[in-house]
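>>> Quick one: sequence plus predicted model below, questions after.
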Amino acid sequence: MRLRLFAPVLVGFAIAAACGGKNDTSQVEGGSAGNGTAASSNGTAGAGGTTGLSVGTGGSSATGNGTGFGDSGAGAFDPDAGCVGTKADGEPIPVDLFFMVDITGSMNCPVPDDPAKPPCEVQPSKPFSATTRWTVESAALKAFVADPANKDLGMGIRFFPSTDTSIICDAATYVTPAVEIGALPGAASALNTAIDMQVPAGQTPTEASLDGALQHAAAWAKAHPTHRVAVVYATDGYPKGCSGDSIDAAAAKAKTAFEATPSVPTYVLGVGPNLTALQAIADAGSAGKTPAFLVDTAKDAAAQLSAALATIRTTAVVGCTYTVPAPPAGMILNPDQVNVQYTDPTGKATNFGKDDANTPCDTGMGWQYSADMSQINLCGTACAAVKAASGGSVQVRFGCDTQPVNPPK
């Protein structure tokens, strides 16, 4: 929903419908009475809201008769305490993950690795172990697909290397998905079939496969501008088999995609020994904000894979961007009459003030509008709080003056 701005007379009509008039005692949504005296007002304090904030009317203000706010009780600042606010749930931006998955010959290495032998980095001799990197990873991918927690998550998949060795090092080879991005659980059958069809073999075209994945994700993001799109790059080794291929070259592709518009981040999942250099790709694909998820196959690889995929899901899905919901019927949306409240899974409510537009969002404490004002971005500490308590809800409240971060007493 694209937020629209209207003439002041229309905006004023909407606010009058939601808030008390200049000479009226304002109403609140309930709670215990406050005892304080309103700031910049000589009027009688109104009934306190749930946080103890009271409202006085009839006093002097910069505009003559007006309503003032006084901090009359303990608790967080309540943007609804000064008027009859209405609210609607903010919907998280839909998230789509495009998986680029390694099925090179080394995916036939045993799990766990044989401690009596050097680390397995190329396809071992047959017969393969009953439990290999691929049997463990494919099972984890199918469990991820089946997990009810991923309902409505968009997922698509492609595998590398290509079975056509003449185009194995060409990024265009990896742009077309094996299964196009689709919402779970609807896409589950096609994804499971594609996973079951894979037979690991060949070498590792790292730059080409990542570049192809990022190209596809970027095209998908442009075609679905209301979605957040990311690449999950899963590999068990370093570049091998293509001239000029390197971790640095792949990291450069990830950096370009992350800094583009729309931004496409890269989550890196490494399966196998000695893969710390993959962190360079993860850093480039997230501006250093997301570590590579490295699975030690000498330990419980299945559990590590499941945990890594769950963390990737949480990192991507429990995001901090929400659509601005449509205002209630009969109201016109005024961007200066919007407040944001987060309710955690325990029912505790926190009101996030609006950061100044000149404050970088990642260092802020509250929220900001997106550039086109169609979305609300939770910033800095507010974003961290929401991510730390997944399962809560964000509400957008209409009809009351937008409160800044750390509103004045």
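Here it is on my side, so go on.

>>> Can you show me the strands along the stretch 251-400 of the chain?
Under the criterion DSSP state E, counting those that start in this stretch, strands of the stretch 251-400 of the chain are mapped to 266-271, 293-295, 321-323, 338-343, 349-352, 367-369, 375-378, 393-398.

>>> out of those strands, nearest to residue 214?
Shortest distance between residue 214 and these, using CB to CB, is found for strand 266-271: 7.1 Å. C-beta coordinates here come from the backbone N, C-alpha and C atoms, glycine included.

>>> Sketch out the low-pLDDT regions of the stretch 301-409 of the chain for me.
Applying pLDDT under 70 to the stretch 301-409 of the chain picks out residues 317-319, 328, 390-391, 407-409.

>>> run the last query once more with 90
Flagging of the stretch 301-409 of the chain using pLDDT under 90 yields the residue ranges 310-335, 337, 342-350, 357-364, 369-378, 380-400, 406-409.

>>> and the strands of the stretch 251-400 of the chain, which is most packed in?
Mean neighbour counts were taken over the strands of the stretch 251-400 of the chain using mean count of other CB atoms under 10 Å, and the top value, a mean of 28, falls to strand 266-271.

>>> Need the strands of the stretch 251-400 of the chain in CSV (columns: distance to residue 332).
Written out in CSV, the entries for those read as follows (distance: least, CB to CB, whole Å):
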stretch, distance to residue 332
strand 266-271, 41
strand 293-295, 46
strand 321-323, 18
strand 338-343, 12
strand 349-352, 23
strand 367-369, 17
strand 375-378, 18
strand 393-398, 10
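
>>> Of all those strands, which one is nearest residue 405?
strand 349-352 (7.8 Å).

>>> Can you list the strands that the closest one pairs with?
In the sheet containing strand 349-352, the strands it pairs with under DSSP bridges are strand 338-343 (antiparallel).

>>> quick one: the strand it pairs with to chain centroid distance?
For strand 338-343, the separation from the chain centroid amounts to 17 Å (computed by CA atoms, centre = their mean, to the nearest Å).

>>> Would you enumerate the residues in contact with the nearest residue to residue 379 once chain neighbours are set aside?
On the basis of CB to CB, 6 or more residues apart in numbering, the spatially nearest residue to residue 379 that is not a chain neighbour turns out to be residue 364, at 3.2 Å. Listed by CB atoms under 8 Å, 6 or more residues apart in numbering, the contact partners of residue 364 are 355, 379-382, 405.

>>> Compile these into JSON lines and extend it with columns for distance to residue 262 and neighbour count.
Compiled in JSON lines, the contacts of residue 364 are given as follows (distance: CB to CB, whole Å; neighbours: other CB atoms under 10 Å):
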{"residue": "355", "distance to residue 262": "22", "neighbour count": "22"}
{"residue": "379", "distance to residue 262": "19", "neighbour count": "23"}
{"residue": "380", "distance to residue 262": "22", "neighbour count": "19"}
{"residue": "381", "distance to residue 262": "25", "neighbour count": "14"}
{"residue": "382", "distance to residue 262": "22", "neighbour count": "24"}
{"residue": "405", "distance to residue 262": "27", "neighbour count": "19"}
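
>>> Take the residues you listed and keep only those in helices.
Members of the contacts of residue 364 lying in helices (criterion: DSSP state H): 380-382.

>>> what's the domain layout of this structure?
Partitioning the chain according to automatic domain parsing yields domains covering residues 1-7+321-409, 20-84, 95-317.

>>> hey, least reliable of these by pLDDT?
Among these, domain 20-84 carries the lowest mean pLDDT, a mean of 33.

>>> about what we covered before: and of the ones in helices among the contacts of residue 364, the nearest to residue 235?
So of the ones in helices among the contacts of residue 364, ranked by how close each gets to residue 235 (CB to CB), first place is residue 380, at 32.5 Å.

>>> so that closest one touches residue 353, yeah?
No: the pair formed by residue 380 and residue 353 falls short of the contact definition of CB atoms under 8 Å, at 11.8 Å.

>>> Now do the shared contacts for those two.
With the criterion set as CB under 8 Å, 6+ apart, the overlap between the contacts of residue 380 and residue 353 is residue 365.

>>> since we're on residue 239, how many residues are nearby?
Summarising burial for residue 239: neighbours were counted as other CB atoms under 10 Å, giving 20.

>>> Any chance of the ones in helices among the contacts of residue 364 in TSV with distance to residue 373 as columns?
Rendered in TSV, the data for these read as follows (distance: CB to CB, whole Å):
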residue	distance to residue 373
380	20
381	23
382	18
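
>>> Kindly state the beta-bridge partners for residue 339.
Beta-bridge pairing of residue 339, defined through DSSP bridges, involves residue 397.

>>> doesn't residue 399 make contact with it?
No: in this structure, residue 339 is not within contact of residue 399 by CB under 8 Å, at 9.2 Å.

>>> Could I get the contacts of residue 364 in JSON lines, plus columns for distance to residue 104?
Supplementary listing: those in JSON lines, determined by distance: CB to CB, whole Å:
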{"residue": "355", "distance to residue 104": "46"}
{"residue": "379", "distance to residue 104": "41"}
{"residue": "380", "distance to residue 104": "40"}
{"residue": "381", "distance to residue 104": "42"}
{"residue": "382", "distance to residue 104": "42"}
{"residue": "405", "distance to residue 104": "50"}
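
>>> any idea which of these is closest to residue 146?
Of all these, the one with the least separation from residue 146 (CB to CB) is residue 382, at 33.0 Å.

>>> Residue 351 is in contact with that closest one, correct?
No: proximity of residue 382 to residue 351 does not meet the contact threshold set by CB under 8 Å, at 10.0 Å.

>>> Sketch out the helices for the stretch 101-250 of the chain, chain order is fine.
Counting by DSSP state H, counting those that start in this stretch, residue ranges of the helices within the stretch 101-250 of the chain are 133-146, 188-196, 206-223, 247-259.
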